[in-house]
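**Student:** quick one, what's the 3D model for this:
(chains A and B)
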Amino acid sequence: MEFAYSSATGDALRNELTSLTAQTRVEGLLVLATPAVDITADSFETTLGSLSVPVCGGLFPQVIVDGEPRTSGLLAIGLPTAPTVTVVSELSEAGDDLDASLPADGSEAAFVFVDAHADADGVRSLIDALFRTYSVGLSVVGGGAGRLDGGDEPCLFTNDGVSKDAAVMAAVDQPIGIGVRHGWNEVDGPFRITDADGGTIRELDGEPAFEVYQEAIESNTDATLHREDFFETATAYPFGVSRLDGEPIVRDPFAVDGDAISCFGPVPEGEFVTVLAGETDTLIGAAEQAAETALTAEPIADTPGTLCVFDCISRHLYLDAAFEHEVAAIDTAGWPMVGALTIGEIANDGTGHLDYYNKTAVVAAVSDDA
Amino acid sequence: MPERQQRVQALYEIALTIGGKETLTETADAALAGYLRKLNCSVGGIFRATEDGYTPTATIPADPTGNALLSAGIDHLAERSNDAFPSHTEPTAGDHCYLFSLPEFGALVIGKQGGELDTATRSALTPLNEKLAEACRNKLVERQLREQRNRFEAVFDAIPEPIADTVVEDGTEEIIASNAEFERTFGDTDKTPGTALVPDGSNSDSGESTQHSRPIDTDDGDHRVTTETTCETVDGTGEFLFHGVPVAGDQADEYIHLYVDITDQKHREGELQRYERLVENLPIGVYRTTPGPDGEFKLVNQGLVDILEADSKAYFENRSVSEIYADPDEREAFSDRLLSEGAVDNVELQFETAAGNQIWGEVSGIVTQTDDGPVFELALQDITTRKERDQQLDVLNRVLRHNLRNALNVIDGNAAMLEDELSDDNDELQSHVEGIERRVSNLEALSEKAVTVRSLFDQGRSTTTACDVQALLARVAKEFEDRHPEARVVVDAPEESLYVNADVRLKMALSELVSNAVIHNNRATPEVQLTTETVVRDGEPAVEIVITDNGPGIPKHERKAIESGEETPLQHGTGLGLWLVYWAMSLLGGDIHIDDADPGTRIALQLPQVGGDAHAQPDSGTGVAVNSGD
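**Tutor:** Got it, this is the predicted structure:
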């Protein structure tokens, strides 16, 4: 797939994107922007509206261009077939009756980006609705958009402009192979979630969530958890929601309010969570396995294509300098590597359940052939 | 985490997804998603067993035909009997599909691509599956109950009478649901309309419901109520037939209240009762009989009891109708006539009372068809007194026409012979004879007028012949001018013809009045003016004929007798002329008004106006055909 990275703005950006869309195998654009891009500027919306091909994208903490994370600029990925773009508005209000039917029956895959700061139950409703409708019949890959320190700001866009508290989906005809791995391991638990709402855990095993979490970390690791610098410590000890025959689904705690711990993604009351910890090598190894899985998936074997990586920004924050090794582990010769560092990842691996993950490396090998 | 612990957790978390949803589909959908998420499976379905096989209640993906693994599982399901579960199939290498029984509901299908469920997990799913089956069964029952409730609510709303669902707690009854007609009739209220339909619980004599009782238990102990009650409605006050039916409730006593509006019915019943009282108290006999030569009494009123001098209505029980006839054979003739004509009016018959007295009755009746065949509805009026007066009048008429006139003829003849024998110079005797002759002449005129009066009544009370009033007045005026050339009889009427229903009696009345005005006039030239105009009489159009003369006027005692309609020894007239006019007008449906004029008298006759084209007959004795103008 053709792609272009640009730090330009205004007319220069429009010209560059227009040039990209003029290429023969570009029928649509997947646009991944960094927080350095003012997507709320009129010129940006004008640019989106002026493009002659369907556009779908979001703003992410960082983008990956040719295997290198970038904190500024914008990455535009040319899709070889025209995508069908759908916007789900008011995502936080979505319920179990959400109709996730896409207007493009027969599509092979879909890129799905959600506002990471939308209500966690709304995000879950969308993911559940997609799975109930398509199961593994549609390969889904994507992640949570938004600023890491953001909130109520637009972070998604299409040709029609920018939006917030929404989801954007681009259904494409390209077959993709998906690998999903995180490499985090259990250090304590399980703990039953006895009081929770959306992505907020108030009680674990009937006790204040923060106290249980703090005790689990401090009694099993050398770390000390303080409310004041909660995120810095907690990013190394996410929660894991277990499932049979698969890695637990990671829930990333990012804030504490009293004894309530807020996570990216839903944490249903009544379920069990464990406290996870990660080793650098293990996490990097998991990312490498994800890439291998994606590249060996049946639909894309022996075909040219591009690696679209949606790796969690919190993995980058946790691995810090070692993150370049994770990117390098994913990087595969002959497969251009693009993507974004997201706030939560969305994927099914083609054989299992569709879910919203945290702290997980999602690698999609996208075939150039439709 | 140990594998067993992880399995227990997963199963527990699956259990959390079972139940708690509104509908069967939602319940199955949520549970299936929980199974797949926690078992890390990709496809599945919950199927309900029916007579026609398994039908999907929920599947993931929504369209199972597009997924080879789930399609294979469904095909496998179709081939299995219920006792063959659990079952397993591997349609393609590495892809596994598992079939589980959902007892008394159907089956669960779970597909896992690229992996399989271990035996321990599959076995551990059994209690979950039973729980899922129970949840689905409950929702199925709920759905059926909901459908039944929806049907009930549809009927509830379709009932055209006010209906409400109420509960009674702590002796207070409140409405929890009602239909649209209820709200339209009683407004938006949560209180039961009507008077104290739920009395104090202390009055209850039943041990079943200690909180309250119903006012009328029509069915012992079950608190059903049927009673009439008065209710305030949005339109005022209404009468209702109240039905209260208890409904078995777990928490409180519940009732269905139905209000049938009987306001109109009660009004009609009241009207009927008043009518029945009226009929009962009528001075005429009202009775119902079967047809036939004998006839059987079905109903009699007190009036018939009184007329036939019976002691009570029981007199007519087991007594044939023919027995009240003076001649029982007349009963058969009357029955035949009534059956033949369907209705009869004013048939005069002779009856015999219980005391053996013979009376005259005037009978009217109709034939009415009932479930038991035709019956006669009859009214009998005692006309014995009238018949006797008719007899008296006949005798008096004979006396006037024959005996008195014959005697007058003899007196007149003798007076003439006496006059012939008197010498011309015997003036005094001559004047006596002339006095005799004048009085005889007056008596003859009076006798003739009495006969004329009698003839008024022979023609009945009404006529349907239209009479051209102007033409009639012209004819009368001409006749009098011919007979009395010294008099002036002037007709001053509009050119447009005016019509009334009248026959020769109107001409008789007019002739009498003009005659009086001319003959009893003391002027050298008697003048009589005849005019007409239209007036309103009792709210209806009428024609007023005014006769004005220049004579001395009518004596007060004559006018008073006419105006009061009766004569007394102290207040009487001197002849029959004004009475003739009075009776003629009365019989024709008109009236007479006498006023003084200056000079003379003004007499106005008013008769209902009719159209000239109605009931046309060429001449009914007035000598004036309709529209003839002659």
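**Student:** C-alpha only now, for contacts and for neighbours.
**Tutor:** Noted.
**Student:** just give the nearest non-adjacent residue to residue A:164, would you?
**Tutor:** residue A:154 (4.2 Å; C-alpha to C-alpha, 6 or more residues apart in numbering or on different chains).
**Student:** ranges for the strands of the stretch 201-350 of chain A?
**Tutor:** Assigned by DSSP state E, counting those that start in this stretch, the strands in the stretch 201-350 of chain A fall at A:207-208, A:239-241, A:249-257, A:260-264, A:272-277, A:305-312, A:337-342, A:345-347.
**Student:** can you redo these as TSV with mean neighbour count, mean pLDDT and distance to residue A:294?
**Tutor:** Formatted as TSV, the strands of the stretch 201-350 of chain A follow (neighbours: other C-alpha atoms under 10 Å in any protein chain shown; pLDDT from 0 to 100; distance: least, C-alpha to C-alpha, whole Å):
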stretch	mean neighbour count	mean pLDDT	distance to residue A:294
strand A:207-208	17	96	40
strand A:239-241	26	93	23
strand A:249-257	22	92	19
strand A:260-264	22	92	25
strand A:272-277	24	94	25
strand A:305-312	27	94	9
strand A:337-342	28	96	13
strand A:345-347	27	94	12
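**Student:** can you put those in CSV and add distance to chain B?
**Tutor:** Below are these laid out as CSV (distance: least, C-alpha to the nearest C-alpha, whole Å):
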stretch, distance to chain B
strand A:207-208, 19
strand A:239-241, 10
strand A:249-257, 10
strand A:260-264, 18
strand A:272-277, 7
strand A:305-312, 21
strand A:337-342, 23
strand A:345-347, 13
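**Student:** rebuild these as TSV, extending it with distance to residue B:97.
**Tutor:** Listed next are these as TSV, based on distance: least, C-alpha to C-alpha, whole Å:
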stretch	distance to residue B:97
strand A:207-208	41
strand A:239-241	25
strand A:249-257	24
strand A:260-264	33
strand A:272-277	27
strand A:305-312	31
strand A:337-342	35
strand A:345-347	23
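**Student:** in the helix or strand bottoming out on mean pLDDT in chain A, what's buried?
**Tutor:** The weakest-scoring helix or strand in chain A, judged by mean pLDDT, DSSP states H and E, is helix A:120-134 (a mean of 89). Of all the residues in helix A:120-134, those buried under the rule 16 or more other C-alpha atoms under 10 Å in any protein chain shown are A:120-134.
**Student:** now do it: which elements does it pack against?
**Tutor:** Using 3 or more C-alpha pairs under 8 Å, 6 or more residues apart in numbering or on different chains; DSSP states H and E as the contact test, the elements touching helix A:120-134 are strand A:355-357, strand B:53-60.
**Student:** ok, and which of these has the densest surroundings?
**Tutor:** strand A:355-357 (a mean of 25; mean count of other C-alpha atoms under 10 Å in any protein chain shown).
**Student:** give me the mean pLDDT for that one.
**Tutor:** The pLDDT scores in strand A:355-357 average 91.
**Student:** anything in it near chain B?
**Tutor:** No - using C-alpha under 8 Å from any C-alpha of the partner chain, we find that strand A:355-357 stays clear of chain B, coming within 8.5 Å at best.
**Student:** can you list the strands that that strand pairs with?
**Tutor:** Strand A:355-357 pairs in its sheet with strand A:345-347 (antiparallel), by DSSP bridges.
**Student:** residues in contact with the partner strand: which ones?
**Tutor:** Among residues not part of strand A:345-347, those counted as contacts by C-alpha atoms under 8 Å, 6 or more residues apart in numbering or on different chains are A:112-113, A:139-144, A:178, A:180, A:310-312, A:354-362.
**Student:** what domains does the record give for the chain?
**Tutor:** No chain was given, so I picked chain A. A:3-181+A:283-367, A:186-275 (automatic domain parsing).
**Student:** please refer instead to chain B.
**Tutor:** Taken from automatic domain parsing, chain B resolves into B:3-148, B:159-267, B:282-382, B:387-458, B:466-610.
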